[in-house]
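Participant: here is the input, now give the coordinates:
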Amino acid sequence: MNRLAKSLARLALLVAIPVGLAGCGINTIPRQDEATKTAWAEVQNQYQRRADLIPNLVATVKGYAAQEKDVLTSVTQARASATQVKVDASTITDPAQFQQYAAAQDKLSGVLGRLMMIQESYPELKSNQNFLALQSQLEGTENRIAIARRDYNQTAQVYNTTLRTFPSVFWAKTLYSSQKPAQLFQATAAAQSAPNVDFSTPPPASPQPAPAQ
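Facilitator: Numbering: from 1, shown residues only. Predicted coordinates for the structure are as follows:
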């Protein structure tokens, strides 16, 4: 009986140790780290979706407003700059790289707003079905970007708090000492908003549109 009791005691101890460690938060940091990386991947996914829409949008506008060369060039260049910034999961803990990526995307948001306002001066473009479809997709993507950023910030904030608060800070200083806080988006409200296009305002007098190409 003593031997059986000792065996059962050892078994109970083996079970109790991992349960106790789990209860004290040893798994919290890696779990929240993975959640933050997943939220970051969704941000990248939505930005890529927007980048994929832009060439068709630029081509459609150019067919009716080729003379708006400065805006069209600015959008193309901003898209190129935004897509050339290389990012991965490590970007969220690299302040310089994170800010470079966010700044490039915010710049693209700004020039896209200018592009979308061009339609006010070109009635034929304003009623073009292809343009309207692309506009709708772009606005939907801008909204998804705003939501993805919000969700990422919330997830990252929870993770950052875990790294600094008791009892999880004990694990952050020992087993997970290489873990760094995640960066947060600090974009303006305008940068995260979909372009504001008012179809109710009559367009001003405008030059004749260029023929579609």
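
Participant: what about the residue nearest to I26 when sequence neighbours are not counted, helix or strand, and which?
Facilitator: Distances taken as C-beta to C-beta, 6 or more residues apart in numbering put W171 closest to I26, at 5.6 Å, once the chain neighbours are dropped. Backbone N, C-alpha and C define where each C-beta goes, glycine included. Using DSSP states H and E, W171 maps to helix 168-173.

Participant: show me which residues of that helix are buried.
Facilitator: S168, W171, A172 (16 or more other C-beta atoms under 10 Å).

Participant: could the residues you listed go into a markdown table alongside pLDDT and distance to A104?
Facilitator: Output for the buried residues of helix 168-173, formatted as a markdown table (pLDDT from 0 to 100; distance: C-beta to C-beta, whole Å):
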| residue | pLDDT | distance to A104 |
| --- | --- | --- |
| S168 | 93 | 34 |
| W171 | 94 | 35 |
| A172 | 95 | 31 |
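
Participant: the closest residue to L57 other than its chain neighbours in helix, strand or coil?
Facilitator: Excluding its sequence neighbours, the residue lying closest to L57 (C-beta to C-beta, 6+ apart) is L134, at 4.7 Å. Following DSSP: H, G, I helix; E, B strand; the rest coil, we place L134 in the helix state.

Participant: from R114, how far off is L134?
Facilitator: 16 Å (C-beta to C-beta, to the nearest Å).

Participant: chain center to the helix holding W171: distance?
Facilitator: 28 Å (C-alpha atoms, centre = their mean, to the nearest Å).

Participant: show the backbone phi and psi for T174.
Facilitator: Per-residue torsions, T174: phi -120, psi -80 (degrees, to the nearest 10).

Participant: I54 reaches S74, doesn't it?
Facilitator: No - because the distance of 11.6 Å does not satisfy C-beta atoms under 8 Å, I54 is recorded as not touching S74.

Participant: so if I had to pick from the two, which one is more boxed in?
Facilitator: Per other C-beta atoms under 10 Å, whichever of I54 and S74 has more neighbours is I54, with 22 against 18.

Participant: run a quick neighbour tally on T174.
Facilitator: T174 has 9 nearby residues by other C-beta under 10 Å.

Participant: I misspoke; the intended subject was K126.
Facilitator: 17.

Participant: residue contacts, the closest residue to it other than its chain neighbours?
Facilitator: Using C-beta to C-beta, 6+ apart and skipping the chain neighbours, the partner closest in space to K126 is Q119 (4.5 Å). With contact taken as C-beta atoms under 8 Å, 6 or more residues apart in numbering, Q119 is in contact with V61, L125, K126, F131, Q135, V197.
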